[in-house]
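Trainee: with the sequence up front, the predicted model follows.
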Amino acid sequence: MPKPLNLAVIGYGFMGRAHSNAFRQVHRFFDTEHRFHPKVICGRNAGNARAFAGRWGYEDVETDWREVLARKDIDVVDICTPNDSHREIAVAAAEAGKMVLCEKPIARDAAEGEEMLAAVEKAGVPNLIWYNYRFLPAVTLAKEIVDRGDLGRVFHYRANFLQDWTIAEDLPQGGTALWRLDVKAAGSGVTGDLLAHCIDTARWINGEVSEVSAMTETFVKERVHQESGKVEPVGIDDACAFLARFANGSLAIFESTRYARGHKALKTFEINGEHKSLAWDLHDLNRLSYFDHGVPGETRGWSSIHVTDGDHPYLGHWWVPGLGLGYEHSFIHGAYEFLRALDDPASARRFPDFRDALRTQYVCDAVLASARSGAWEKVRNVQ
Ligand code: SOE
């Protein structure tokens, strides 16, 4: 029996589009009892919201998220607004008894995340944070290989997320499209925006991070703020690199920057174990590099698995073998795992809920604390 879930999406920017596409596409390729029914799009500009509703098939438009939460006909709220509004909307949505989906990171810092977790757990409402890269087939395959124990003891994990879009000194900060540069709206720079993705993937594949030692840099110290029109200090980290120890004893190095000229979204990871190594790169997202020391020396070497076959994660639902998937499929698969968990919690792959995302936020907070203190910082546990 189909179980429709009336859905309201708050925010119609980049993530409003990525999520809306997932809510539509998931039912064309995956069978679930629970089904998203896109009901309301909410955004401050009524004209833009109406145009968005027409394109993506929402029935109604609201311009105030409080009106959305007051509606009895809404079951699920998806938060696609800048980080400084996540806490307020998520807490109110949970108190109104709605299921809550929210774009990453959970919030600007762990204190806000703790309030959000307490609210969804008190209300007993299902919840998810969109750490989407977990759900790319090659990344999920890496997780499955590691979970089988094939790597043996893990020694090293290394990850990058490199971009180059903020190098220009005359780029303003704040406001639409540029809120990621405004520390009041974002909470941090690359640590919360990009490294949080790397940390989520790492924790999923290699377990918990126990301590970190970090450095950050803000290369452009002042930028015009789009809202005030004044030159204001830049409070975000433009670049961050950190060393980490995992609870399993492995050592890690993470790097992220928006100043790596030539790199647009180079998210990578490599994991080195006693018997095998794995490596992945977002620019070639359908491939998983695989090294097996068990192969006889003559033919031993790195191989490249084209993760597009029917028995690879999620691929049986898509095209014929050999045809690749893209960035948008990570959100479609995330939506599927959320619905699958509602249908039958035992069958779903673990997806990042608020509890899980708060753990990632604790790592981000420890990274920023270490950059300030110059010392190793322990990572807190979720109580
Ligand atoms: C920043 O440029 C950004 O859009 C992040 O906010 C996303 O989370 C990441 O997936 C791609 O880069």
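Mentor: Yep, it's here. Numbering: from 1, shown residues only.
Trainee: count the residues that sit near residue 247.
Mentor: Neighbour count for residue 247, taken as other Cβ atoms under 10 Å: 13. C-beta coordinates here come from the backbone N, C-alpha and C atoms, glycine included.
Trainee: in three-state terms, label the nearest residue to residue 61 once chain neighbours are set aside for me.
Mentor: Nearest residue to residue 61 in three dimensions, chain neighbours excluded: residue 49, at 4.4 Å (Cβ to Cβ, 6 or more residues apart in numbering). Following DSSP: H, G, I helix; E, B strand; the rest coil, residue 49 is assigned to helix.
Trainee: number the chain from 123, please
Mentor: Renumbered: residue one is now 123, and that last one reads residue 171.
Trainee: was I right about residue 171 contacting residue 162?
Mentor: No: Residue 171 is beyond contact range of residue 162, at 9.3 Å (criterion: Cβ atoms under 8 Å).
Trainee: re the thing from before, list the contacts for the residue nearest to residue 183?
Mentor: 134, 163, 164, 165, 183, 184, 185 (Cβ atoms under 8 Å, 6 or more residues apart in numbering).
Trainee: circling back to that earlier point, where do the contact lists of residue 171 and residue 162 overlap?
Mentor: Counting by Cβ under 8 Å, 6+ apart, the common neighbours of residue 171 and residue 162 are 183, 184.
Trainee: give the burial count for residue 427, as a bare number.
Mentor: When neighbours are counted by other Cβ under 10 Å, residue 427 registers 17.
Trainee: next: residue 455.
Mentor: Per other Cβ under 10 Å, the neighbour tally for residue 455 reads 27.
Trainee: how about it, what does it touch?
Mentor: Per Cβ under 8 Å, 6+ apart, neighbours of residue 455: 257, 258, 262, 436.
Trainee: among the contacts of residue 171, which one sits closest to the ligand?
Mentor: For the contacts of residue 171, the closest approach to the ligand (Cβ to the nearest ligand atom) belongs to residue 134, at 15.4 Å.
Trainee: what about the residue nearest to residue 295 when sequence neighbours are not counted, distance to residue 396?
Mentor: Leaving aside its chain neighbours, residue 295 sits nearest to residue 303 (3.8 Å; criterion: Cβ to Cβ, 6+ apart). Residue 303 sits 43 Å away from residue 396, taking Cβ to Cβ, to the nearest Å as the criterion.
Trainee: so which of those two has more stuff around it?
Mentor: residue 303 (26 against 11).
Trainee: domains of this structure?
Mentor: Here the domain parsing of the chain from automatic domain parsing is 125-255, 256-500.
Trainee: so what's whatever residue of the stretch 223-372 of the chain ends up closest to the ligand scoring on pLDDT?
Mentor: When distances are taken as Cβ to the nearest ligand atom, the stretch 223-372 of the chain reaches nearest to the ligand at residue 315, 4.8 Å away. If you check residue 315, the pLDDT there is 98.
Trainee: ok, residue 468 next?
Mentor: Per-residue pLDDT puts residue 468 at 87.
Trainee: count of residues packed around it?
Mentor: 6.
Trainee: what sits against it?
Mentor: Per Cβ under 8 Å, 6+ apart, neighbours of residue 468: none.
Trainee: could you find the closest non-adjacent residue to the spatially most central residue of the chain?
Mentor: The centroid of the chain falls nearest to residue 253 when counting by Cα atoms, centre = their mean (2.2 Å). The shortest distance from residue 253 to any non-neighbouring residue, by Cβ to Cβ, 6+ apart, is to residue 322 (3.9 Å).
Trainee: and that neighbour, how far is that from residue 308?
Mentor: Remark: distance between residue 322 and residue 308 (Cβ to Cβ) = 17 Å.
Trainee: also residue 393?
Mentor: The gap separating residue 393 from residue 308 is 29 Å, by Cβ to Cβ.
Trainee: the residue of the chain positioned farthest from its centre in helix, strand or coil?
Mentor: Largest separation from the mean C-alpha position in the chain: residue 420, at 40.6 Å (Cα atoms, centre = their mean). State at residue 420, reduced to three classes by three-state DSSP: helix.
Trainee: repeat that for residue 234.
Mentor: helix.
Trainee: quick check: closest non-adjacent residue to it.
Mentor: residue 209 is the one closest to residue 234 (Cβ to Cβ, 6+ apart), at 4.1 Å.
Trainee: burial count for the one you found?
Mentor: Counted with other Cβ under 10 Å, the neighbours of residue 209 add up to 22.
Trainee: what do you get for residue 229?
Mentor: Neighbour number of residue 229 under other Cβ under 10 Å is 28.
Trainee: for the longest helix along the chain, list every residue counted as buried.
Mentor: In the chain, assigned by DSSP state H, the helix with the most residues is helix 476-495. Within helix 476-495, the residues scored as buried using 16 or more other Cβ atoms under 10 Å are 476, 478-490, 492-493.
Trainee: same thing with stretch 365-378?
Mentor: For stretch 365-378, a neighbour-count test (16+ other Cβ under 10 Å) marks 366, 367, 368, 372, 374, 376, 377, 378 as buried.
Trainee: chain neighbours aside, what residue packs nearest to the fourth one?
Mentor: Same thing as residue 372. residue 276 is the one closest to residue 372 (Cβ to Cβ, 6+ apart), at 4.4 Å.
Trainee: any idea how far the one you found is from residue 270?
Mentor: For residue 276 relative to residue 270 (Cβ to Cβ), the value is 13 Å.
Trainee: more neighbours, the two?
Mentor: Comparing residue 276 with residue 270 by other Cβ under 10 Å, the one with more neighbours is residue 276, at 22 against 8.
Trainee: could you list every residue that touches the more buried one?
Mentor: If you count contacts by Cβ under 8 Å, 6+ apart, residue 276 has them with 268, 328, 368, 370, 371, 372, 393, 394, 395, 396.
Trainee: many thanks, we can stop here.
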